[in-house]
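Novice: task: produce atomic coordinates for the following.
(one chain, ligands or ions: 1)
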Amino acid sequence: MNKKKIKFATSNPHKVKEANFIGEKYGIEFIQIHIEYPEIRHEDVEVVAKKGVEYVFSKIKEAVIVEDTGLYIEALNGFPGAYSAFVFRKIGNSGILKLLSGVPKNERRAFFKSSVAFSDGKIVKTFNGVLQGRIAEEERGCEGFGYDPIFIPLGYEKTLAEIPALKAEISHRAQAFRNFCEWFSKAVLSAQQS
Ligand code: ITT
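Specialist: Here you go, the predicted structure:
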């Protein structure tokens, strides 16, 4: 089968790998392009992703997606949320663990939200995924990236960095890309074929 290729503007190759794990099942291949876009200040990653894709489309004038993810920690009133990239660069996983030191296990709830935004100049559409879980007491595991070593999905005891195969199936990103691929293969690919 000829794969449908879609450009994916991101600096993060891990995201592309996780997206392609899902895309593969739909005959869709995501191709990484390096175009920086301004991440506007907004608490919701969906709004950030939508503005981002509009900017990237205006530069390349071709169908493209961007994806923005945030880690929302309940005990910190949703921090770092849409500022997750900045916070990760500044204080990293050890800084988050310090902020939560002394917070008991049952109060360490958190979730990841991922939003994929698509634009082809006519349609701008977003697709979301959420993964519930909690923040671990210490960093564990060496797979994955970013906050994976401190995030334990609901119903499990291991961090995402210890269970990459499971992450690939159930993550916020897997869900958002599955939603995108479902829509894209129905709305766009079937219209092109008829
Ligand atoms: P872009 O170029 O696509 O923006 P990025 O890595 O900066 O790549 P985000 O802004 O979406 O991506 O990510 C915000 C932060 O959250 C950043 O520090 C990531 O490392 C981290 N992050 C994103 N997705 C994650 C995931 O699935 N697991 C753990 N950390 C993640």
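Novice: which one of the residues in this protein is closest to the ligand?
Specialist: Closest residue of the chain to the ligand, Cβ to the nearest ligand atom: G146 (2.5 Å). Bear in mind the C-beta positions are built from the backbone N, C-alpha and C, glycine included.
Novice: which residues touch that residue?
Specialist: For G146, the contact set (Cβ atoms under 8 Å, 6 or more residues apart in numbering) comprises 14, 84, 88.
Novice: list only buried entries from those residues.
Specialist: 84, 88 (16 or more other Cβ atoms under 10 Å).
Novice: which of the residues in stretch 38-54 are buried?
Specialist: 39, 45-53.
Novice: which of the residues you listed fall in helices?
Specialist: 45-53 (DSSP state H).
Novice: count of residues packed around Y26?
Specialist: 17 (other Cβ atoms under 10 Å).
Novice: for it, phi and psi?
Specialist: Note on Y26: backbone dihedrals following degrees, to the nearest 10 are phi -110, psi 0.
Novice: quick check: it touching K186?
Specialist: No - in this structure, Y26 is not within contact of K186 by Cβ atoms under 8 Å, at 10.0 Å.
Novice: residue boundaries of the helices in this structure?
Specialist: Secondary structure of the chain (DSSP H): helices located at 13-23, 45-60, 84-90, 92-99, 164-170, 172-183, 190-193.
Novice: for the ones you listed, state which one has the densest average packing.
Specialist: Of all these, helix 172-183 carries the top mean neighbour count, a mean of 22, counting by mean count of other Cβ atoms under 10 Å.
Novice: now do that one: which elements does it pack against?
Specialist: In terms of contacts (3 or more Cβ pairs under 8 Å, 6 or more residues apart in numbering; DSSP states H and E), helix 172-183 is packed against helix 13-23, strand 64-73, strand 109-119, strand 124-135.
Novice: adding mean pLDDT and distance to the ligand, write the ones you listed out as JSON lines.
Specialist: Output for these, formatted as JSON lines (pLDDT from 0 to 100; distance: least, Cβ to the nearest ligand atom, whole Å):
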{"stretch": "helix 13-23", "mean pLDDT": "98", "distance to the ligand": "6"}
{"stretch": "strand 64-73", "mean pLDDT": "98", "distance to the ligand": "4"}
{"stretch": "strand 109-119", "mean pLDDT": "98", "distance to the ligand": "6"}
{"stretch": "strand 124-135", "mean pLDDT": "98", "distance to the ligand": "8"}
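Novice: I am finished for the moment; much appreciated.
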